[in-house]
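J.: Can you look at this prediction? I've put the sequence above it.
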Amino acid sequence: MTAHLSDQDIQRDAISGARILVGDMLMWSDLDSLDVPLAAREVVRTAITAKQPRRVLLAGPRAGLLVDAVPTDVPVDVLVRALPDARLLGDRAGLHKSADLYCGGLDVFEPGHTYDLVVALGGPERLLGPDSEGLTESQVVARLAALLDDGGRLVVDLANELGFTDLVAAVPDETLESDAGWHIGAQGFATRHLFARERAGLLEAEGLRLEATFAAMPSVDAHRVLVHDAALGDGALRDQVGFHAGKAMDEHFATTPMLREPRNVVERVVEAGMLDELAPGWVVVATKGADSDQDAAGYPALVVAEADADSRWSTVAVIAADGSQTVAWADSRTDAETSEGTVSRGLAPLAPGRSFELDLRRACATRRHAAIRSRVRQYAAYLSDGKIWTTQTAEQRFFATPANTLVDGDRLRLADPSWRRTGVVSGDDALVRGLRDFARRLLASGSAHPWRVTVTPDELTITLASMAGLTVTEAMITRVARIEAEVASTVDGRPEDQPELLERNLEQGRFARDLPAPDEIGFRELLTHHRVISRELREKQGQVKWLEGTLRHRDRYIRTLERVIERYEDTLTYRAVEAMRAPRRIATEKAVAVAKSTAQDALPPGALSKARQLAKRVLK
């Protein structure tokens, strides 16, 4: 195995034809745990559209997945460290006019020519192997810049040492404790990532002129939301950034223990205008040469890619600085709609506005029932408005949950109107579905609310619906849960799982979710719940102590009365009265017995029973 690229002594893989370099990993695959970087793909497409490159380098496994974004008539080189990944990417690059594969580390990569466009994703951790010479991020950028022609573009992602995900995570990244963390402490690697203030100096030192900077979320290895640094200056775009970034963070860290709920954190970071400083990472576009006459590219202000890149239901939305949008399927197919069973989805633009769920959560956090009631009534009026839910839009009403509803001025609107379900869902059922979904999310996130800590999602749904004058029945909850299970099984492509999903859905609503597992709630919210429960426990303990004291007082009073009675019974007067009453009682009983016997002897047989019957009739 050697680093030289001459045909005489180069080693090649017999299957893919990849050139084997130092740092190759024969039995490892990065792509087993990585998805196509759909958001970065839109940035790369924009750069290629502005000026078609003469030759392209895709460095790193995720960058290699972008080979489809490069025109087939443009020669492309792919550099990965894992041989299985090189073979997989070789199949994807088969339609290109020229595609050369390299398997090894960036430290020994010397192709003998330069590029007009270099895309490098993953940093030193993904671009180098265990046998490679360690490099810092600045050294990686220097090597990539050396591979660029004058005027060539570099698209690279950089990790932020002060990313808020690391600040609020309750545990270290679990991948660092596995074989993937081999670089931790290895010679030559940096002990930390970059700070935001160091980014510009790093590029300038290598003769690179910054074109665009995107905040990458939810992580540097899975940036599904890219936010241009100029986007936060626009109020409408800022609301959209907060909504979509918060949603991405919430989904990505659903199974990771966090010190605080990530959705609330990112929305506050966006509102504070500190997203660039605290983003988990950045995607940077830079041009080589300070005086380059490179054509200006119209980079998007916001790119939102949905989680499952392989799902035919997933979309990618690109929002320009002027608010215009383009929406496409993640798998790049050209049809405008997809459907299965009763569920369908089209390519509809995302609506602007701020999250209605966030407004409702903040109202719950104030613990003021009047504030909650006003928002619930607004939501109920929105779902029952016949002018909004016409025959053309009624099939969308089932998806109008608070999480998918935006506040636009003084009215509400759907955030993502692309989903439809055949069959009209009534306004009452849509309200139950939306409030039940909100109740589950509110309790599972540990957010503050004014109700008891043992409340269940179904009980909270009944409480919220009553604020809008709706009485929720068990039949309504079951009907809504059945539709939710039907939609979920259809989207997952497993309709046979519908009975199981229905049972799980009903179970999640019937039982308290006030104290979810530690991986479903921020640690700070968990502590808040602990304090609430402790306070209620102290109140109950105080009530128990008061009741115990009351019982002890009554026991003492009863014992006092018993002693008084005993003293009365011991007095001469009490004994004399009892002695006088005894003969009289005995004499009276004997007189009554003699009178009855005499009457029975004097009267004819059956006369007494007839007299009793007559008395009963008279009394009636």
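T.: That came in fine, so what should we check first? Numbering: from 1, shown residues only.
J.: And the average pLDDT for the helix or strand where residue 617 lies is what?
T.: Using DSSP states H and E, residue 617 sits within helix 607-619. For helix 607-619, mean pLDDT rounds to 70.
J.: for stretch 273-284, same thing?
T.: Taken as a whole, stretch 273-284 has a mean pLDDT of 93.
J.: What residues of it count as buried?
T.: Within stretch 273-284, the residues that count as buried by 16 or more other Cβ atoms under 10 Å are 275-284. C-beta here means a position set from N, CA and C on the backbone, and glycine is covered the same way.
J.: closest to residue 580 among those?
T.: If you rank the buried residues of stretch 273-284 by distance to residue 580 using Cβ to Cβ, residue 278 comes first, at 97.4 Å.
J.: For the nearest residue to the closest one once chain neighbours are set aside, what are phi and psi?
T.: With Cβ to Cβ, 6 or more residues apart in numbering as the criterion, residue 278 has its nearest non-adjacent residue at 4.3 Å, and that residue is residue 164. Main-chain dihedrals, residue 164, degrees, to the nearest 10: phi -70, psi -20.
J.: Run a quick check on residue 164 versus residue 268, I expect a contact.
T.: No - using Cβ atoms under 8 Å, residue 164 makes no contact with residue 268, being 9.5 Å away.
J.: Settle it for me: which of these two has more neighbours?
T.: residue 164 (22 against 14; other Cβ atoms under 10 Å).
J.: quick one: contacts for the more buried one?
T.: 265-266, 269, 278-280 (Cβ atoms under 8 Å, 6 or more residues apart in numbering).
J.: Cross these against helices and list the overlap.
T.: Among the contacts of residue 164, the members falling in helices are 265-266, 269, 278 (criterion: DSSP state H).
J.: So if we follow the domain assignment, how does this protein break up?
T.: Annotated domains of the chain cover 11-228+279-299, 354-521, 526-586 [automatic domain parsing].
J.: Can you tell me how far residue 468 is from residue 452?
T.: Using Cβ to Cβ, to the nearest Å, residue 468 is found at 21 Å from residue 452.
J.: Could you do residue 425 as well?
T.: Distance, residue 425 to residue 452, using Cβ to Cβ: 31 Å.
J.: more crowded one of the two?
T.: For residue 425 versus residue 452, the count of surrounding residues by other Cβ under 10 Å is larger for residue 425: 23 against 13.
J.: Quick check: closest non-adjacent residue to the more buried one.
T.: Leaving aside its sequence neighbours, residue 425 sits nearest to residue 398 (Cβ to Cβ, 6+ apart; 4.5 Å).
J.: Would you agree that neighbour is in contact with residue 482?
T.: No - using Cβ under 8 Å as the test, residue 398 is too far from residue 482 to be in contact (12.0 Å).
J.: re the thing from before, deepest of the domains of the chain, which one?
T.: Highest mean neighbour count of the domains of the chain: domain 11-228+279-299, a mean of 20 (counted as mean count of other Cβ atoms under 10 Å).
J.: ok now that one, how far from the chain's centre?
T.: 28 Å (Cα atoms, centre = their mean, to the nearest Å).
J.: In contact with residue 61, which residues are there?
T.: 30-31, 34, 80-82, 85, 89, 122, 126.
J.: one more time with 10 Å, if that's ok
T.: For residue 61, the contact set (Cβ atoms under 10 Å, 6 or more residues apart in numbering) comprises 29-34, 78-82, 85-86, 88-89, 121-122, 126-127.
J.: Inside helices: which ones of these?
T.: Those of the contacts of residue 61 lying in helices (DSSP H): 85-86, 88-89, 126-127.
J.: quick one: which of the residues you listed is nearest residue 402?
T.: Nearest member of the ones in helices among the contacts of residue 61 to residue 402, counting by Cβ to Cβ, is residue 126, at 38.4 Å.
J.: show me what contacts the closest one?
T.: Contacts of residue 126 were listed using Cβ under 10 Å, 6+ apart, and they are 30, 34, 59-63, 80-82, 106, 120, 157, 180, 183, 220-221.
J.: Sort out for me which of those are in strands.
T.: Here DSSP state E is the test, and the contacts of residue 126 give 59, 80, 120, 157 as lying in strands.
J.: Between all of those, which two are separated the most?
T.: Longest span within the ones in strands among the contacts of residue 126, Cβ to Cβ: 80 and 157, 15.7 Å.
J.: if we can go back for a sec, helix, strand or coil for the residue nearest to residue 425?
T.: helix (DSSP: H, G, I helix; E, B strand; the rest coil).
J.: That one reaches residue 487, doesn't it?
T.: Yes - between residue 398 and residue 487 there is a contact under Cβ atoms under 10 Å: 7.7 Å.
J.: just to revisit the earlier point, now do the shared contacts for residue 164 and residue 268.
T.: 260, 274.
J.: which stretches of the stretch 451-600 of the chain have low pLDDT?
T.: Residues of the stretch 451-600 of the chain meeting the criterion pLDDT under 70: 512-532, 581-582, 584-585, 599-600.
J.: Return the set of buried residues in stretch 329-346.
T.: For stretch 329-346, burial by neighbour count (16+ other Cβ under 10 Å) applies to 329-330, 338, 343-345.
J.: So which of these sit within strands?
T.: Using DSSP E, these in strands are 329, 338, 343-345.
J.: Kindly present these as a markdown table, with separate columns for pLDDT and distance to residue 53.
T.: Output for these, formatted as a markdown table (pLDDT from 0 to 100; distance: Cβ to Cβ, whole Å):
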| residue | pLDDT | distance to residue 53 |
| --- | --- | --- |
| 329 | 93 | 26 |
| 338 | 93 | 33 |
| 343 | 94 | 41 |
| 344 | 95 | 39 |
| 345 | 95 | 34 |
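J.: For those, give me JSON lines that also has distance to residue 462.
T.: Below are those laid out as JSON lines (distance: Cβ to Cβ, whole Å):
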{"residue": "329", "distance to residue 462": "40"}
{"residue": "338", "distance to residue 462": "36"}
{"residue": "343", "distance to residue 462": "28"}
{"residue": "344", "distance to residue 462": "32"}
{"residue": "345", "distance to residue 462": "31"}
